[in-house]
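1. The sequence and its predicted three-dimensional model are supplied below.
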Amino acid sequence: MKVVSVSCGPWHTVAIVETSTIDRKYHNAKSCGKLFTWGDGDKGRLGHVDSKRKLVPTCVSELIDQDFVKVSCGWTLTVALSNRGTVYTMGSSIHGQLGCPRAKDKSINTVLGNLTRQFVKEIACGSHHVAVLTSFGNVYIWGKGANRLLGLGDVRDRNSPVLVESLGDRLVKTIACGLSLTAVICLHKDISLTDQNACSSCKSAFGFTRKKHNCYNCGPLFCNACSSKKAVNAFLAPNKGKLSRVCDSCFNHLWRITEFSNKVKMENRTPRMQLVTNARRVSDERTETESEDQI
């Protein structure tokens, strides 16, 4: 096992630990990020059934089936992001920072509302507020609104995700939160081919044999080895429906989004459509089996 991400609040710590599990669908081994918490358990911030303090890292059993990729801690708050773009919160709800209108101090909440059909790729916590960045470059925020730190034009608290409309015409690259402030980094333009001399990933210098390419999702320049794959729905692509060159990191991210979208489509299918799909799958499997038997 190895720790891939960690975050600390004033009195608690959360870590994502990479473990090996068996894929129930394909029956092969795969790595999954499991959530471990320890420290002060008041207000349910550790995500366990009880609110007792934990002196050693303890796996959050209620979320054992999830694969986590990022985690962030607030004052009495823990926020975790799964590989399917779903946000989970646990801890105090005094300012609405759990993101669920009906939530009280509770072990675990799934943030829905305006994020129901969104794929979240980045999370950040302040002391009593949360900001997230979606795959479409939109920033949603909730929690304590004092000092206008939510960027919504007033000081009211929010108990569910609200779109920061003032950033609607910006290309947001990343987000960050301080105790009582929120910051974003925006890309104002694509990086010119003449403005960068080394690959953004491997840091190797560009040359005659190492060509440079813009990633159509995040913008910076990469060498051919670090941007050899193509994907649809790249954020900066002229036509998002067509395949565009992206860096390896963005390719993996876009692949997860596609997987998430396919899952949503499957959930929205009528029972009749699901029966037809299953029947086709069984027919294809029989055809493959018959072909193998003939061989």
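-> In hand now; what should we look at? None of the values given here were measured: they were computed from a predicted structure.

2. Show the low-confidence segments of this structure, by residue range.
-> In the predicted model of the chain, residues 22-28, 105-106, 188-195, 264-295 satisfy pLDDT under 70.

3. how about the helices of it, start to end?
-> Per DSSP state H, the chain carries helices over the ranges 248-268, 271-294.

4. what's around residue 71, how many residues?
-> Per other C-beta atoms under 10 Å, the neighbour tally for residue 71 reads 24. Every residue, glycine included, has its C-beta placed from N, CA and C.

5. Break the chain down into its structural domains.
-> 2-187, 189-282 (automatic domain parsing).

6. Out of those, which one sits most buried?
-> The highest mean neighbour count among those, using mean count of other C-beta atoms under 10 Å, belongs to domain 2-187: a mean of 18.

7. Can you get me the start-to-end distance on that domain?
-> End-to-end distance of domain 2-187 (C-alpha to C-alpha, to the nearest Å): 33 Å.

8. Quickly note the distance from residue 247 to residue 81.
-> Distance from residue 247 to residue 81, counting by C-beta to C-beta, to the nearest Å: 20 Å.

9. Please apply the same query to residue 37.
-> Residue 37 is 15 Å from residue 81, where distance means C-beta to C-beta.

10. for residue 196, same thing?
-> Residue 196 sits 30 Å away from residue 81, going by C-beta to C-beta.

11. Any idea which residue is closest to the centre of this protein?
-> residue 121 (3.1 Å; C-alpha atoms, centre = their mean).

12. dump the residue contacts of it.
-> Residues counted as contacts of residue 121 (C-beta atoms under 8 Å, 6 or more residues apart in numbering) are 81, 85, 133, 134, 135, 253.

13. Now render those residues as CSV, adding distance to residue 6.
-> Listed next are the contacts of residue 121 as CSV, based on distance: C-beta to C-beta, whole Å:
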residue, distance to residue 6
81, 14
85, 21
133, 20
134, 24
135, 24
253, 21
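
14. Looking at those, spot the one nearest residue 49.
-> residue 81 (22.3 Å; C-beta to C-beta).

15. For the residue nearest to residue 113 when sequence neighbours are not counted, list the residues it contacts.
-> Leaving out its chain neighbours, the residue that sits closest to residue 113 by C-beta to C-beta, 6 or more residues apart in numbering is residue 160, at 4.1 Å. By C-beta under 8 Å, 6+ apart, the contact set of residue 160 is 96, 99, 100, 101, 111, 113, 114, 142.

16. quick one: residue 78 and residue 66, what's the gap?
-> Per C-beta to C-beta, residue 78 is found 14 Å from residue 66.

17. swap in residue 6?
-> Per C-beta to C-beta, residue 6 is found 17 Å from residue 66.

18. now do residue 110
-> 10 Å.

19. what touches both of these two?
-> With C-beta under 8 Å, 6+ apart as the test, residue 110 and residue 66 both reach 86, 88.

20. Outside of stretch 250-257 itself, list whatever touches it.
-> By C-beta under 8 Å, 6+ apart, the surrounding residues in contact with stretch 250-257 are 83-85, 119, 121, 135, 215, 217-218, 229-234, 246.

21. In strands, which of those residues appear?
-> If you go by DSSP state E, the contacts of stretch 250-257 have 121, 229, 230, 231, 246 in strands.

22. And these, which two are furthest apart?
-> Based on C-beta to C-beta, the longest span within the ones in strands among the contacts of stretch 250-257 runs between 121 and 230 and measures 19.3 Å.

23. my guess is residue 71 meets residue 79, correct?
-> Yes: between residue 71 and residue 79 there is a contact under C-beta atoms under 8 Å: 7.0 Å.

24. so what sits against both of those two?
-> Common neighbours of residue 71 and residue 79 (C-beta under 8 Å, 6+ apart) are residue 123.

25. Much appreciated, bye for now.
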